[in-house]
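Asks: here you go, sequence then predicted model.
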Amino acid sequence: MKPHVRSTIPAWPWVGVGLMILGVGAGVIQLLPDLPLPVCGFKAATGHPCPACGFTHMLDSLLHGHITQAYVMNPFFFIALAVLVAWVGAGFAARLAGQDLFVDLPAGQRKWVWIAAIAGLLCSWLFLWRAG
(Lines give C-alpha, C1' and ligand atoms only; values in the text may rest on other atoms or scores of the structure.)
Protein backbone atom coordinates (compact mmCIF):
# COMPACT_ATOMS: atom_id res chain seq x y z
CA MET A 1 0.00 0.00 0.00
CA LYS A 2 1.40 3.39 -1.01
CA PRO A 3 1.51 6.16 1.56
CA HIS A 4 -0.58 9.23 0.88
CA VAL A 5 1.44 11.84 -1.00
CA ARG A 6 0.39 15.45 -0.74
CA SER A 7 -0.39 17.07 -4.06
CA THR A 8 2.16 19.55 -5.33
CA ILE A 9 -0.61 21.78 -6.69
CA PRO A 10 -1.63 24.32 -4.03
CA ALA A 11 -5.34 24.80 -3.42
CA TRP A 12 -5.24 28.47 -2.42
CA PRO A 13 -5.39 29.88 -6.00
CA TRP A 14 -8.64 27.96 -6.52
CA VAL A 15 -10.04 29.33 -3.27
CA GLY A 16 -9.20 32.82 -4.54
CA VAL A 17 -10.93 32.14 -7.87
CA GLY A 18 -13.98 30.83 -6.02
CA LEU A 19 -14.11 33.90 -3.80
CA MET A 20 -13.83 36.17 -6.83
CA ILE A 21 -16.73 34.34 -8.49
CA LEU A 22 -18.78 34.71 -5.29
CA GLY A 23 -17.92 38.41 -5.15
CA VAL A 24 -18.97 38.98 -8.75
CA GLY A 25 -22.16 37.01 -8.11
CA ALA A 26 -22.93 39.13 -5.04
CA GLY A 27 -22.36 42.29 -7.07
CA VAL A 28 -24.70 41.09 -9.81
CA ILE A 29 -27.36 40.19 -7.24
CA GLN A 30 -27.09 43.70 -5.77
CA LEU A 31 -27.86 45.18 -9.20
CA LEU A 32 -30.98 43.06 -9.71
CA PRO A 33 -34.34 44.36 -8.55
CA ASP A 34 -35.79 42.84 -5.38
CA LEU A 35 -37.33 39.60 -6.56
CA PRO A 36 -39.45 37.36 -4.36
CA LEU A 37 -37.36 34.70 -2.65
CA PRO A 38 -38.32 31.04 -3.02
CA VAL A 39 -40.42 29.32 -0.38
CA CYS A 40 -38.94 26.32 1.44
CA GLY A 41 -40.50 23.15 0.03
CA PHE A 42 -40.40 21.39 3.41
CA LYS A 43 -42.13 24.30 5.12
CA ALA A 44 -44.71 24.54 2.33
CA ALA A 45 -45.47 20.81 2.65
CA THR A 46 -45.44 20.45 6.45
CA GLY A 47 -45.97 23.95 7.80
CA HIS A 48 -42.77 23.60 9.85
CA PRO A 49 -39.31 24.95 9.02
CA CYS A 50 -36.51 22.67 7.91
CA PRO A 51 -33.04 22.99 9.52
CA ALA A 52 -31.88 25.19 6.62
CA CYS A 53 -35.02 27.34 6.49
CA GLY A 54 -34.13 30.99 6.18
CA PHE A 55 -30.74 30.37 4.56
CA THR A 56 -31.67 32.15 1.32
CA HIS A 57 -33.26 35.01 3.26
CA MET A 58 -30.15 35.14 5.48
CA LEU A 59 -27.89 35.53 2.43
CA ASP A 60 -30.20 38.20 1.01
CA SER A 61 -30.10 40.10 4.32
CA LEU A 62 -26.30 39.83 4.44
CA LEU A 63 -25.99 41.14 0.89
CA HIS A 64 -28.10 44.14 1.88
CA GLY A 65 -26.02 44.75 5.02
CA HIS A 66 -28.65 43.72 7.58
CA ILE A 67 -26.42 41.66 9.90
CA THR A 68 -28.80 41.19 12.85
CA GLN A 69 -31.71 40.34 10.58
CA ALA A 70 -29.51 37.77 8.83
CA TYR A 71 -28.66 36.18 12.18
CA VAL A 72 -32.33 35.87 13.11
CA MET A 73 -33.14 34.23 9.77
CA ASN A 74 -30.92 31.21 10.50
CA PRO A 75 -28.47 31.43 13.43
CA PHE A 76 -26.63 28.16 12.74
CA PHE A 77 -25.77 28.87 9.13
CA PHE A 78 -24.95 32.50 9.97
CA ILE A 79 -22.34 31.32 12.48
CA ALA A 80 -21.16 28.57 10.11
CA LEU A 81 -20.68 31.15 7.35
CA ALA A 82 -18.79 33.45 9.73
CA VAL A 83 -16.51 30.56 10.74
CA LEU A 84 -15.94 29.69 7.07
CA VAL A 85 -15.01 33.29 6.24
CA ALA A 86 -12.63 33.41 9.22
CA TRP A 87 -11.12 30.06 8.19
CA VAL A 88 -10.52 31.26 4.63
CA GLY A 89 -9.00 34.49 5.98
CA ALA A 90 -6.70 32.53 8.29
CA GLY A 91 -5.74 30.30 5.37
CA PHE A 92 -4.82 33.31 3.25
CA ALA A 93 -2.84 34.83 6.12
CA ALA A 94 -1.00 31.55 6.63
CA ARG A 95 -0.33 31.31 2.91
CA LEU A 96 1.09 34.84 2.85
CA ALA A 97 3.38 33.81 5.71
CA GLY A 98 4.58 30.86 3.64
CA GLN A 99 2.69 28.25 5.66
CA ASP A 100 -0.26 25.97 5.00
CA LEU A 101 -3.20 25.91 7.38
CA PHE A 102 -3.94 22.39 8.59
CA VAL A 103 -5.84 21.21 11.63
CA ASP A 104 -5.41 17.55 12.38
CA LEU A 105 -7.63 16.52 15.27
CA PRO A 106 -7.46 13.10 16.88
CA ALA A 107 -10.54 10.93 16.36
CA GLY A 108 -11.77 11.59 19.90
CA GLN A 109 -11.74 15.35 19.39
CA ARG A 110 -13.27 15.09 15.92
CA LYS A 111 -16.19 13.27 17.50
CA TRP A 112 -16.83 16.21 19.85
CA VAL A 113 -16.62 18.71 17.00
CA TRP A 114 -19.33 16.76 15.16
CA ILE A 115 -21.45 16.47 18.30
CA ALA A 116 -21.19 20.24 18.86
CA ALA A 117 -22.08 20.96 15.22
CA ILE A 118 -25.11 18.67 15.30
CA ALA A 119 -26.23 20.11 18.66
CA GLY A 120 -25.88 23.63 17.23
CA LEU A 121 -27.93 22.67 14.18
CA LEU A 122 -30.65 21.13 16.36
CA CYS A 123 -30.75 24.20 18.64
CA SER A 124 -31.01 26.46 15.61
CA TRP A 125 -33.78 24.27 14.19
CA LEU A 126 -35.66 24.50 17.50
CA PHE A 127 -35.25 28.30 17.38
CA LEU A 128 -36.66 28.36 13.83
CA TRP A 129 -39.48 25.99 14.80
CA ARG A 130 -40.52 28.20 17.74
CA ALA A 131 -40.18 31.40 15.67
CA GLY A 132 -42.51 29.95 13.05
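Replies: Great, that's in hand. Small disclaimer: the values here were computed from a predicted structure and weren't measured.

Asks: every contact and neighbour count from this point should use C-alpha atoms.
Replies: OK.

Asks: so how far is residue 90 from residue 45?
Replies: Look at residue 45 and residue 90: by Cα to Cα, to the nearest Å, they are 41 Å apart.

Asks: whoops, residue 114 was the one
Replies: 21 Å.

Asks: who has more neighbours, those two?
Replies: residue 90 (14 against 11; other Cα atoms under 10 Å).

Asks: so, low pLDDT: which residues of the chain?
Replies: For the chain, the stretches with pLDDT under 70 are 1-12.

Asks: which helix or which strand is home to the residue nearest the centre of the chain?
Replies: Nearest to the mean C-alpha position of the chain, by Cα atoms, centre = their mean, lies residue 81 at 3.2 Å. If you go by DSSP states H and E, residue 81 is part of helix 75-96.

Asks: all helices for the protein, in order.
Replies: With helices called from DSSP state H, the chain shows them at 12-31, 41-46, 55-63, 67-73, 75-96, 107-131.

Asks: report the buried residues of the helix holding residue 81.
Replies: 75-78, 88, 91-92 (16 or more other Cα atoms under 10 Å).

Asks: would you turn those residues into JSON lines with distance to residue 122?
Replies: Compiled in JSON lines, those are given as follows (distance: Cα to Cα, whole Å):
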{"residue": "75", "distance to residue 122": "11"}
{"residue": "76", "distance to residue 122": "9"}
{"residue": "77", "distance to residue 122": "12"}
{"residue": "78", "distance to residue 122": "14"}
{"residue": "88", "distance to residue 122": "25"}
{"residue": "91", "distance to residue 122": "29"}
{"residue": "92", "distance to residue 122": "31"}
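
Asks: among these, which two are most distant?
Replies: The largest separation in the buried residues of helix 75-96, counting by Cα to Cα, is between 75 and 92 at 25.8 Å.
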